[in-house]
Structures are given as C-alpha cells and as structure tokens.
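> Sharing a model prediction with you, sequence too.
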Amino acid sequence: MSQTGETLMEMYRAAHARLGHQAWWPGETPLEVCLGAILTQNTNWRNVEKALGNLRTAGLMSVSALHATPQGELAELIRPAGYYNVKAKRLKNFIAAVHEDFGDDVTAFLDRSVPTLRETLLAINGVGRETADSIILYAAHKPSFVVDAYTYRILLRHGLIYEDDDYEAIKELFESCLPEDVDLWNDCHAQLVAVGKQYCRPTARCDGCPLEGFPHDPAAGRRDEY
DNA sequence: GACCAGGCACATC
DNA sequence: GATGTGCATGGT
C-alpha cells in the first residue's frame, strides 16, 4: 500500500477506535437511503429525518406511491429538509427513472455494474457525484467511495490533498489507496463524517479530535468549495 | 442574528 | 472552462 494509503488507514483506525463502528447509512431500506441521499444535499441530517418521517407518515415509502404524488404535495412534506421545491423535483426525477424500468423494485434498479449504475444515476437531473456515490455505496452496497465536504476539509487540513483537487481526484485517491472493500469504504466515509461533525467544523477547534496526532494545519480547509 | 449543514444545476463571462 | 448564484429550513 502507498504511503498515503497507510496514512489514510491509520487515520481510519484512529477514528474507529475512538468513535466506534458507525454502521451507516442511517436509513432502513434501499429506497430510504436513496431519498435521504437527495434530501441531505447541503443539509443537516436532523432536518432530513423530519422530512423522511413525514413521508413515512404519509405512506409514501414506495416508488409507486411517490410516483403518484404531485410534486407540490411532495414539496410540502419535505419542507423541513430545506430547498424543498428543488428537492421535490429531484426526488420526482429519481423516482421516475426507477419507476419507468423497474416499477417498485428499487433493488432491481440498483442491481448492475458500478460504472453503469453511476452513469445512470448521474444522468438524473439533481443527482450529482456525491449523491450517486452515496446511493451506490449505501443503498446498492457496491464499491464507490463517497467524497463530501467533510472529506475534503479533513484531508486538506492534514495536507493529504491540494486545495484545488476536485471530487474525482479525491475519490480516486481513496479508491487507489485502500483495499476494495465495501464495508471498509462504508465505515471509512462514515468515520470522516463523524469526525467532521464533531471536530472539524469550518470554525471549530480541533481539541480532542481522534486525528489530532496526525500532522495538520488547522488553518487549511476553512473554505469548503471544491 | 450570524453562521452552518453529508450539493447541484444553471447563467454568465 | 472557470466562476458566481439560487435554492431554504432548523440548530447552535
């Protein structure tokens, strides 16, 4: 394994030792994972859970039920997740893509090669790279590493990436450095989010961070854009 | 009241 | 092709 790969594994182990196994994704069914992946775009997970709760209560946790629901009605239900008009549209786009070929069978929709599935997901308006990779890794349980704002910020602060490295470059870094193991990639991304939430906010101090023993520059990574 | 949160598409230059 | 902007609620 490369030097960077060793460092990433050590960081993963340090986070895991401190924070415990994360057992992601916090969604019950493949469909809920997909919906959550769209709803959590630039949004706090707590707000997403409220929106998912509303959908559950309304009996809309199936592709056909969502397909039959008017966009405006959907928007009202997911209001707590923010950006509710654009997200209602995005959910409808995703649901239409599944429904057209597979009806209610989300598992069948997800059951194809990673490149094909990723291409299919990225063709859906409102599904970008992070959302697609989250769906592949956490709903389809297939190897596609997820990069997010926390990943970027943590790696930048620890000098493992450059400020202008883009999504695909960071994804490639993990995928080439770590053994291809769905469970490892699953928990590794989850650990990055857990560390990010607790210790690596834009303006947060690093005190008590499980990664504080690794060389880092706290001033780096204060800008989230990548 | 400011700042932040597990992005993405689109307009404009 | 790079850069800027709109989308919006809820917690700290």
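Structure received. Numbers count the residues shown, from 1 in each chain, chains lettered A, B, ... in the order given.

> Identify the residues contacting the one residue sitting closest to the centre of chain A.
Central residue of chain A (CA atoms, centre = their mean): A:S134, 4.2 Å from the mean position. Under the criterion of CB atoms under 8 Å, 6 or more residues apart in numbering, the neighbours of A:S134 are A:25, A:33, A:37, A:146. All C-beta atoms are positioned from the backbone trio N, CA, C, and that covers glycine.

> any idea what sits nearest the third one, other than its immediate chain neighbours?
The shortest distance from A:A37 to any residue other than its chain neighbours is 4.2 Å, reached at A:S134 (CB to CB, 6 or more residues apart in numbering).

> how many neighbours does the residue of chain A found nearest DNA strand B have?
Residue nearest to DNA strand B within chain A: A:G128 (2.1 Å; CB to the nearest atom of the strand). A:G128 sits with 15 neighbouring residues when counted by other CB atoms under 10 Å.

> what's the answer for A:K142, then?
A:K142, neighbours per other CB under 10 Å, totals 19.

> Can you convert the contacts of A:S134 into CSV and add a column each for secondary structure, pLDDT and neighbour count?
Below are the contacts of A:S134 laid out as CSV (DSSP: H, G, I helix; E, B strand; the rest coil; pLDDT from 0 to 100; neighbours: other CB atoms under 10 Å):
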residue, secondary structure, pLDDT, neighbour count
A:W25, coil, 92, 22
A:V33, helix, 98, 22
A:A37, helix, 98, 26
A:V146, coil, 98, 27
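
> Identify the farthest-apart pair in the residues you listed.
Taking CB to CB as the measure, those span a maximum distance of 11.9 Å, between A:V33 and A:V146.

> any residues in contact with both of these two?
By CB under 8 Å, 6+ apart, the residues touching both A:V33 and A:V146 are A:134, A:138.

> Next up, phi/psi of A:A14, please.
Main-chain dihedrals, A:A14, degrees, to the nearest 10: phi -60, psi -40.

> quick one: contacts for it?
Neighbours of A:A14 in contact, by CB under 8 Å, 6+ apart: A:210-211, A:213-214.

> run the last query once more with 6 Å
A:P210 (CB atoms under 6 Å, 6 or more residues apart in numbering).

> how close does it get to DNA strand C?
A:A14 sits 25 Å away from DNA strand C, going by CB to the nearest atom of the strand, to the nearest Å.

> and if you look at A:I154?
20 Å.

> That residue - how many residues pack around it?
There are 25 residues near A:I154, going by other CB under 10 Å.

> For the closest residue in space to it that isn't next to it in sequence, give me the pLDDT.
Excluding its sequence neighbours, the residue lying closest to A:I154 (CB to CB, 6+ apart) is A:C200, at 5.3 Å. As predicted, A:C200 sits at a pLDDT of 90.

> again with A:L55
Per-residue pLDDT puts A:L55 at 98.

> any idea which element it lies in?
helix A:45-57 (DSSP states H and E).

> how about A:H16, what does it touch?
A:Q191.

> ugh, wrong one, I meant A:G27
By CB under 6 Å, 6+ apart, the contact set of A:G27 is A:33, A:36.

> helix/strand/coil for it?
Reducing the assignment at A:G27 to three states with DSSP: H, G, I helix; E, B strand; the rest coil gives coil.
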